[in-house]
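A.B. asks: could you look at this predicted model? Sequence included:
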Amino acid sequence: MAKKKSKKNKSNKSSASGGATSSTAATGGATAPAAASAGVTATSSEVPASRVPRSASSTKTTAAVRGSRRKRQQRTKVAIIAGIVTVVVVAIAVQVVRELNRPGERFASQGNVHLVSLASPHVPYNSNPPTSGPHMPSVAGWGSYTEPVEDEYLVHNLEDAGIVLWYELGTPEENDARVAALEEVSRGYDRIVIAPRDDLGSQYVVTAWTRLQRFDEIDAEAMVKFIEAYEGIDHHPR
């Protein structure tokens, strides 16, 4: 009986020893988080140092992005300005070319001053026949004449969107023939005056406001082109 009891004691000791081992294992298991915790502490102590280069790199990247954006905006502005300038230049060029291609010689405008009477002094006209400048308050009647009409009336006709077809003053028979020829050319147009002029300088002259074209003979095509270009354009000051 005593031996059996002794075996029990040994068994109890083994159990106790096993429990201690379990306890040690448990303790060993408990030391792992501590080590991990220590590792975390060590890592966290290094974070501020590692952030410095990342922050500087981020700042450089942001500055580079902003610089690139500014350059794109500048390029866009330059492109827009260049486009506007191009449009303006092209418009001016088109206008210049169009002006050069318009029929007749161009004279500078001498203004639209109204005279009190035919005796009122005024600056000399800068073309012969006149194409602009001081004139009477009223116009000459639209139509054909075989006797000269005062310049001061006919200039007002030009201002009022008219065309004057001049012919060299000749004999009554010559005048009738020239009037008939010019009436044929200007048929269908309303604001037309056909009038003779002494010492015209050529057989025929066609005038509009600031425009003049000379002809040694009837050139229906060129005369109609001139009329088409200027008849109906009002020139009163605005």
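C.D. replies: The structure has been received and is ready for your questions.

A.B. asks: next SSE downstream of the helix or strand where Ser68 lies?
C.D. replies: Secondary structure from DSSP states H and E places Ser68 in helix 2-101. As assigned by DSSP H and E, the chain's next helix or strand after helix 2-101 is strand 105-106.

A.B. asks: what's the average pLDDT for that following strand?
C.D. replies: Averaging pLDDT along strand 105-106 gives 97.

A.B. asks: how far is that strand from where the chain is centred?
C.D. replies: Strand 105-106 sits 29 Å away from the centroid of its parent chain (C-alpha atoms, centre = their mean, to the nearest Å).

A.B. asks: tell me which strands it pairs with, and in which orientation.
C.D. replies: Sheet pairing of strand 105-106 (DSSP bridges) gives strand 211-215 (antiparallel).

A.B. asks: ok, then the element right after the partner strand?
C.D. replies: helix 220-230.

A.B. asks: which other helices and strands contact that following helix?
C.D. replies: strand 163-168, helix 172-185, strand 204-208, strand 211-215 (3 or more C-beta pairs under 8 Å, 6 or more residues apart in numbering; DSSP states H and E). (C-beta placed from N, C-alpha, C; glycine too.)

A.B. asks: ok, and for the longest one, which residues are buried?
C.D. replies: Meaning helix 172-185. 175, 178-179, 181-182, 185 (16 or more other C-beta atoms under 10 Å).

A.B. asks: okay, angle between it and strand 163-168 too, please.
C.D. replies: 150 degrees (axes from the mean of the first three to the mean of the last three C-alpha atoms, to 10 degrees).

A.B. asks: try the third one
C.D. replies: Using the same axes, to 10 degrees, the inter-axis angle of strand 204-208 relative to strand 163-168 is 160 degrees.

A.B. asks: got any ranges where this protein has weak pLDDT?
C.D. replies: The chain contains residues with pLDDT under 70 at 1-57, 90-91, 93-100.

A.B. asks: now with 80, please.
C.D. replies: 1-61, 88-101, 238 (pLDDT under 80).

A.B. asks: re the thing from before, now the buried residues of helix 172-185 in JSON lines, with distance to His156?
C.D. replies: Shown next, in JSON lines, are the buried residues of helix 172-185 (distance: C-beta to C-beta, whole Å):
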{"residue": "Asn175", "distance to His156": "23"}
{"residue": "Arg178", "distance to His156": "23"}
{"residue": "Val179", "distance to His156": "21"}
{"residue": "Ala181", "distance to His156": "26"}
{"residue": "Leu182", "distance to His156": "20"}
{"residue": "Val185", "distance to His156": "23"}
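
A.B. asks: and which of those is nearest Phe226?
C.D. replies: Val185 (9.9 Å; C-beta to C-beta).

A.B. asks: OK, contacts around the closest one?
C.D. replies: Shown in contact with Val185 (C-beta atoms under 8 Å, 6 or more residues apart in numbering): 165, 218, 220, 223-224, 227.

A.B. asks: so which of the helices and strands packed on helix 220-230 comes closest to Pro103?
C.D. replies: Among the helices and strands packed on helix 220-230, strand 211-215 sits nearest to Pro103 (C-beta to C-beta), with 5.8 Å.

A.B. asks: what are the buried residues along that closest one?
C.D. replies: 211-213, 215.

A.B. asks: farthest pair in the residues you listed?
C.D. replies: Arg211 and Phe215 (13.8 Å).

A.B. asks: list just the nearest of the buried residues of helix 172-185 to Leu154.
C.D. replies: Leu182 (14.5 Å).
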